[in-house]
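Chemist: build me a model:
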Amino acid sequence: MKRIAVLGVLLLAGLTGCASVRNTSLLDGSRTFGRTELHTYPVRVLAIDGQYTIDDPLVRVEPGAHVLRVSAPPAVIFTQPAERDVPFTVQACKRYYLVAKRDNPYKQDFELVVQQVETRTDCHSS
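Modeler: Predicted structure coming up:
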């Protein structure tokens with residue numbers, strides 16, 4: 001009897017997990033896009049709406065308006081990475097390829113740029 005109850009709880013937890021990622025999108029700052037475009041750098045998504053993410057190159061996020069805390073490698077004359085809070089609107093079932101864009105390699109300040117957006121084929125929006 002206990003086994004059936006445990007299996008039921010595990011099954012329910014598994015189904016709940018599937019439902020919670022149904023509309024999620026991915027934020028990817030690790031792709032090396034900037035080889036031809038000058039002064040673009042990989043970014044790392046540190047937090048979404050003040051909630052810090054697990055150190056993972058692909059960050060899952062629910063659709064809607066968010067504030068992303070992102071980090072870019074330090075500019076040439078600096079030693080610490082640059083961080084910023086950026087408003088960002090996410091659509092359901094997309095994969096966003098993000099980069100940091102600087103005016104020149106000596107400036108620490110950067111702009112978050114979406115270089116490409118793909119529709120996720122493994123996701124179904126409801």
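Chemist: report the central residue of the protein.
Modeler: Centroid-nearest residue in the chain, with Cα atoms, centre = their mean: residue 27, separated by 2.6 Å.
Chemist: got the contact list for that one?
Modeler: Shown in contact with residue 27 (Cβ atoms under 8 Å, 6 or more residues apart in numbering): 45, 58-59, 61, 68, 90, 96, 98. Every C-beta, even on glycine, is put in place using the N, C-alpha and C of the backbone.
Chemist: look up how far residue 86 lies from it.
Modeler: From residue 27 across to residue 86, the span is 11 Å (Cβ to Cβ, to the nearest Å).
Chemist: common neighbours of those two, please.
Modeler: residue 68.
Chemist: pLDDT below threshold where in the chain?
Modeler: Low-confidence regions of the chain, defined by pLDDT under 70, span residues 1-21, 32-36, 125-126.
Chemist: mind listing the helices for it?
Modeler: For the chain, the helices defined by DSSP state H occupy 2-20.
Chemist: quick one: the strands in it?
Modeler: In the chain, the strands defined using DSSP state E lie at 25-28, 40-42, 44-48, 51-52, 58-61, 64-72, 82-90, 94-101, 111-119.
Chemist: one step back: now the contacts of residue 27 in CSV, with neighbour count?
Modeler: Converted to CSV, those look like this (neighbours: other Cβ atoms under 10 Å):
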residue, neighbour count
45, 26
58, 11
59, 22
61, 19
68, 23
90, 20
96, 20
98, 25
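Chemist: how about those in JSON lines, adding distance to residue 112?
Modeler: Output for the contacts of residue 27, formatted as JSON lines (distance: Cβ to Cβ, whole Å):
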{"residue": "45", "distance to residue 112": "10"}
{"residue": "58", "distance to residue 112": "17"}
{"residue": "59", "distance to residue 112": "13"}
{"residue": "61", "distance to residue 112": "14"}
{"residue": "68", "distance to residue 112": "7"}
{"residue": "90", "distance to residue 112": "13"}
{"residue": "96", "distance to residue 112": "10"}
{"residue": "98", "distance to residue 112": "6"}
